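Peer 1: what's the 3D shape of this:
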Amino acid sequence: MFLSLRKKKVLKYLYFPLYQNILLAEHYIADGAGGKGTWGKLIDTDADACLDRNDPNYDSGEESYELVEAPVSTPLEDYKKSVVPIIEEYFSNGDVKLAASDLKELGYDDFHRYFVKKLVSMAMDRHDKEKEMASVLLSSLYGNVISSAQIRLGFVLLLEAVDDLAVDIPAVVDVLALFIARAVVDDILPPAFLSKAKASLSESSKGFQVVQIAEKSYLSAPHHAELIERRWGGSTHITVEEVKKRIADLLKEYIKNGDTAEACRCIRELAVPFFHHEVVKRALTLGMESPAAEALIVKLLKEASEECLISSSQMMKGFSRVSESLDDLILDIPSAKSEFQLLVSKAISEGWLDSSYVHSGANGSVEDDEHEKLARYKREAVSIIHEYFLSDDTTEVIRSLKELGYPEYNPIFVKKLITIALDRKNREKEMASVLLSSLSMELFSTEDIAQGFIMLLESAEDTALDILDASDELGLFLARAVIDDVLAPLNLDEISSKLPPDCSGAETLNMARSLASARHAGERLLRCWGGGTGWAVEDAKDKITKLLEEYESGGDVGEACNCIRELGMSFFNHEVVKKALVMAMEKKNERTLTLLQECFSEGIITINQMTKGFSRVRDGLDDLALDIPDAKEKFLSYMEHAKKSGWLLPSFGVVSAA
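Peer 2: Sure thing, here's the model as predicted:
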């Protein structure tokens, strides 16, 4: 009746459908019929009851299958994994077009900063050949595949990661400085990048050293362009200055003979597609200088565009560079602005300049770039906020904003966060207030948050059209910000002075003042949306004092850490630091410093919270000295200990601003 395991095994491999039918039949026969109109009992899928793993004919393929949920990867994780083989293949074959094509197929244009970081970091750990290839690839991809913003952000990521990269690449500081200098020489990073990067980096960081070396050792040297271009052996052995001279010569020759095909051939032979914007810029300038040459210049640029010799992005960049230099050109060509406007109109109408190029005065293209950058930031900000409302992960928000890299737009993020929360439930409103508290400690200045509220109050009338109780809710947000120490009461007066006359937001501001100054305001506002700990600030301070006293009298450091964690007020941990330092001074016992060290090691108290706590003690040293004569000496020793242990910012000083 039943087939042997050996015969079934043969059937399985030779004729799988028949093997399946036999298995079904055997189960039905074994289980018996289930009565009229039925097929009997369901198949018993318990393989352990039928299979003997000790049987010589045992086949693991006959075991029942267990579905295991595969881990879900994020688009960013997939992107990071995908770029590595693209880079490896490029280093082996040197095919720029293939690398560009593969990168385009990936999509995710807003992730290209990670490609820049990975490409440079992989090249830094290889020979000069790969370093040169990496620089050439970045120059080739610039504009066509990777935007200038993504190039810039990629180098920002590299500067932030220098300390980690130094573990595997001892010479990382000098090599990355050379990559940055090369990017400036190749016109894919603006010189202004250096000053902006220095302003955002700590002077004691390796990233700061990188920028200094790039600026002083490489870009300030005589004939620096030639030296930098040839540092890794070069791919064309031709400097930027030489390329510019060749472009000028071929354009002059073209004006003389009018041979468009020959001019295109010469441009192609230069083999610098990432530098074609220089051809466009010089050609347009020649056309404006000589009305007789204008028709020839238009013909050449149109021909180069139609043959795909000069890409759309390179064409637009060339026009943008002329636009930016119009004020200087006017000194030699009085009619430069009007001539340039005519060239723009002609180029757009004939189809060799993208219609998205909008020229509005001398700095039109710069304004357009700024507008596009702002629009992109807003899209990213909304995505980050929506993700936060799903995950409740403030650390991820802070990391994402740092990677986004536009601190000048912080007020816009505040406005977006609260506007989105206003149209949601109390849970999201509570989460928005908690996030503001975290951002004020880690990333945003008081001015950023105040400016965000000014923008909200200025648009209060428009918001009220969609959200009926927006004014009342916004008043609660403002009052809650005061209670959470995100804003000081004086900041409300500053906000009021900056609002337009007769602004409806003034009424909201007055309501916030009343709410924040009422009796038991802390307790009420911390519970206004049903979230938080439900404790007033004074209650929280009292709990902090008690847990520190209990720990100091011989308690367990682990238990004390748990108590601080259970307070659920991470944005208020600077109070823990302040009270721990004062207690150490008063009792002349540094036991509480051990607790601070443990809290930092476990990630309970961040370095920014530590710094704010030290700042508050520093600001009150004169008063403390009345009761503790050696308060200043003690504070200095605690400060040095904290710096050496790594839980206080190295730049923190006694006389620095709070």
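Peer 1: what helix or strand does the residue nearest the centre of the chain sit in?
Peer 2: Against the mean C-alpha coordinate of the chain, by C-alpha atoms, centre = their mean, the closest residue is residue 403 at 1.8 Å. For residue 403, the host element (DSSP states H and E) is helix 394-404.
Peer 1: just how off-centre is that helix within its chain?
Peer 2: 7 Å (C-alpha atoms, centre = their mean, to the nearest Å).
Peer 1: C-terminal to that helix, what's the next element?
Peer 2: Criterion used, DSSP H and E; the element after helix 394-404 is helix 410-422.
Peer 1: what's whatever helix or strand comes next after that following helix in contact with?
Peer 2: Going down the chain from helix 410-422, the next helix or strand is helix 426-442, by DSSP H and E. For helix 426-442, contacts defined as C-beta atoms under 8 Å, 6 or more residues apart in numbering pick out 388-389, 392, 394, 397-398, 401, 414, 417-418, 420-422, 444, 446, 449, 473, 476-477, 480-481, 484-486, 529-532, 570-572, 574, 606, 608-609, 612. Where you see a C-beta, it was placed from the backbone N, CA and C, and this is true even at glycine.
Peer 1: quick revisit: need the CA coordinates for the helix holding residue 403. CSV is fine.
Peer 2: C-alpha atoms of helix 394-404 as CSV (Å, rounded to 0.1, in the frame of the first residue of the first chain):
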residue,chain,number,x,y,z
THR,A,394,14.8,61.4,19.5
THR,A,395,18.4,60.2,19.0
GLU,A,396,17.6,59.2,15.4
VAL,A,397,16.0,62.7,14.8
ILE,A,398,19.2,64.4,16.1
ARG,A,399,21.4,62.1,14.0
SER,A,400,19.3,62.7,10.9
LEU,A,401,19.3,66.5,11.3
LYS,A,402,23.1,66.5,11.8
GLU,A,403,23.5,64.5,8.5
LEU,A,404,21.1,66.9,6.7
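Peer 1: what is the rounded mean pLDDT of it?
Peer 2: Helix 394-404 shows a mean pLDDT of 82.
Peer 1: Share the number of residues neighbouring the residue nearest to residue 112 when sequence neighbours are not counted, please.
Peer 2: Of all residues not flanking residue 112 in the chain, residue 150 sits nearest, at 4.1 Å (C-beta to C-beta, 6 or more residues apart in numbering). By the measure other C-beta atoms under 10 Å, the count of residues near residue 150 is 19.
Peer 1: Equivalent analysis for residue 635, please.
Peer 2: The tally of other residues near residue 635 (other C-beta under 10 Å) stands at 23.
Peer 1: What separation do you get for it and residue 585?
Peer 2: Counting by C-beta to C-beta, to the nearest Å, the gap from residue 635 to residue 585 is 7 Å.
Peer 1: hmm, back to that, show me what contacts the residue nearest to residue 112?
Peer 2: 109-110, 112-113, 116.
Peer 1: SS state for it?
Peer 2: Following DSSP: H, G, I helix; E, B strand; the rest coil, residue 150 is assigned to helix.
Peer 1: and residue 324, what pLDDT?
Peer 2: Residue 324 is given a pLDDT of 76.
Peer 1: Ignore what I typed, I meant residue 176.
Peer 2: pLDDT recorded at residue 176 is 92.
Peer 1: any idea which helix or strand carries the nearest residue to it once chain neighbours are set aside?
Peer 2: Of all residues not flanking residue 176 in the chain, residue 210 sits nearest, at 4.9 Å (C-beta to C-beta, 6+ apart). Residue 210 is part of helix 206-213 when elements are defined by DSSP H and E.
Peer 1: next one: residue 252
Peer 2: helix 240-257.
Peer 1: What of residue 473?
Peer 2: Secondary-structure element containing residue 473, defined by DSSP H and E: helix 470-483.
Peer 1: can you pull the buried residues of that helix?
Peer 2: Within helix 470-483, the residues scored as buried using 16 or more other C-beta atoms under 10 Å are 470-471, 473-483.
Peer 1: go on, stretch 213-228?
Peer 2: For stretch 213-228, using 16+ other C-beta under 10 Å, the buried residues are 213-215, 218-219, 225-226, 228.
Peer 1: Nearest to residue 187, out of those: which one, please.
Peer 2: Residue 187 lies nearest to residue 225 out of the buried residues of stretch 213-228, by C-beta to C-beta, at 10.6 Å.
Peer 1: List of residues touching stretch 494-508?
Peer 2: 450, 453-454, 456-458, 460-461, 464, 471-472, 474-475, 478, 509.
Peer 1: Pull the most distant pair out of those.
Peer 2: 450 and 464 (21.4 Å).
Peer 1: Quick check on the two: which one has the bigger neighbour count.
Peer 2: Ranked by neighbour count (other C-beta under 10 Å), residue 450 and residue 464 place residue 450 first, with 22 against 16.
Peer 1: Which of the three states applies to the closest residue in space to the more buried one that isn't next to it in sequence?
Peer 2: Excluding the flanking residues, the one nearest residue 450 by C-beta to C-beta, 6+ apart is residue 491, at 5.2 Å. Secondary structure, three-state DSSP: residue 491 is helix.
Peer 1: And the pLDDT at residue 491?
Peer 2: pLDDT, residue 491: 79.
Peer 1: Contact partners for it?
Peer 2: Contacts of residue 491 (C-beta under 8 Å, 6+ apart): 446, 450, 482.
Peer 1: in what helix or strand does the residue nearest to the last one when sequence neighbours are not counted lie?
Peer 2: The spatially closest residue to residue 482, leaving aside those adjacent along the chain, is residue 516, at 4.3 Å (C-beta to C-beta, 6+ apart). Under the criterion of DSSP H and E, residue 516 resides in helix 505-517.
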